[in-house]
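# model this:
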Amino acid sequence: MTLYNVHLYREMRLVFLDVEANSPEEAAASCREFPDEAASGPAVDCDGETFAALVDVQGDVTYAHTVLIDFEAERTRKAGSLLLSALQSCELQLKEYVHWHHAHAGGCSVEIESAWEHARTAIAEAEASGIRCHPSPEADAQKGLQPMDAREFISTEDPIKPYDNYEISPCRRFEEPDAPGTFWFEVCEPDEADVWTLYGHLQGEGVEAIGDFPSRDVAEAVYSRITGQPFPGSYQCDLHLRRMHLAAEAFDLLRSATDELEIWQLPCGDEGDPDTMAILRDAKALFARVLQ
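So this is what the prediction gives:
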């Protein structure tokens, strides 16, 4: 059997005591900026989600076989754009259904109108948070990428705290004069670079070096594999990193809206309305993809 080193990205809980604020929201916002060491004790396992695992093969010094594996919660988060697009299609069909039945049939069921209201609310909240529809985030992330060597992600004391931005910089490598084989790095001009370093930014704490790569293209490809989008430029990633937060709620509401559409289609027989049947097929395909 093969031996692996596994880095888990898991939700943890930090407790901050005696926080003065004018509202719960203000208290939460202020604590979000605090460093981990300001908490009243160490991070506590709160039975939270385990989002992903970075798995290295022991002895693989080039990290050619390192893989990043997303678990269900992370796949759901990354599906936010697709879920929003599918929910908007369902909302349009529900809107047409409600308006037609009010105009020609004296009204429609409370369940349908409730599903429509929930869909509108979820869409508004998703758009307010920065989620945007996209035909295929995975397709863009993989477009033009070739198989590559992954490199080690530097461990931190609190790997659960998310990065709020990213940077890619050219760096020169220098060897310690008194310690052969020990190197340190400095940012340099692109034509002087020995490696290209991918940095993750932590709110209020600066940056951490995630990995050093042989070219900028490889560093950008690693960023794309982590986040599911092409690299937009240093310190231009924050919107994308926030836009997936409503994915789980959007997924549940899409399931509810899809169930209602299926009930509505029952009197229409196997063929049904072509547009509605197409939406149902797409929604079911998306469910299968997220929950596989």
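
# when you work out contacts or count neighbours from here on, use the C-alpha atoms and nothing else.
OK.

# C-terminal to the least confident helix or strand in the chain by mean pLDDT, which secondary structure element comes first?
Using mean pLDDT, DSSP states H and E, helix 137-142 stands out as the lowest-scoring helix or strand of the chain, at a mean of 37. With elements assigned by DSSP states H and E, the helix or strand that comes after helix 137-142 is strand 165-175.

# and the helix or strand that comes right after that following strand, what other elements does it pack with?
Moving toward the C-terminus from strand 165-175, the next helix or strand (DSSP H and E) is strand 183-187. Packed against strand 183-187 by the contact rule (3 or more CA pairs under 8 Å, 6 or more residues apart in numbering; DSSP states H and E) you find strand 165-175.

# for the strand it packs on, packing partners?
The helices and strands touching strand 165-175, judged by 3+ CA pairs under 8 Å, 6+ apart, are strand 183-187, strand 195-202, helix 216-227.

# hmm, try it at 7 Å
Helices and strands touching strand 165-175, by 3 or more CA pairs under 7 Å, 6 or more residues apart in numbering; DSSP states H and E, are strand 183-187, strand 195-202.

# what's the helix ranked longest in the chain packed up against?
Scanning the chain for the helix with the most residues, using DSSP state H, yields helix 80-104. Using 3+ CA pairs under 7 Å, 6+ apart, the elements in contact with helix 80-104 are helix 110-128, helix 247-265.

# and stretch 99-115, how far out from the chain's middle?
36 Å (CA atoms, centre = their mean, to the nearest Å).

# contacts for it?
Stretch 99-115 has contacts (CA atoms under 7 Å, 6 or more residues apart in numbering) with 98, 257, 260.

# which of the residues you listed lies closest to A79?
Proximity of those to A79 (CA to CA) peaks at A257, which lies at 17.1 Å.

# the closest one: neighbour count?
With neighbours defined by other CA atoms under 10 Å, the count for A257 comes to 25.

# SS state for the closest residue to T197 other than its chain neighbours?
Leaving out its chain neighbours, the residue that sits closest to T197 by CA to CA, 6 or more residues apart in numbering is D212, at 4.4 Å. Following DSSP: H, G, I helix; E, B strand; the rest coil, we place D212 in the strand state.

# now stretch 8-25: average pLDDT?
Average pLDDT, stretch 8-25: 86.

# ditto for stretch 51-60
86.

# please apply the same query to stretch 173-184.
Stretch 173-184 comes out at a mean pLDDT of 77.

# so which bits of that stretch are buried?
Residues R173 are the ones in stretch 173-184 that count as buried (16 or more other CA atoms under 10 Å).

# got it, and stretch 220-237?
Applying 16+ other CA under 10 Å to stretch 220-237 flags 220-225, 227-231, 237 as buried.
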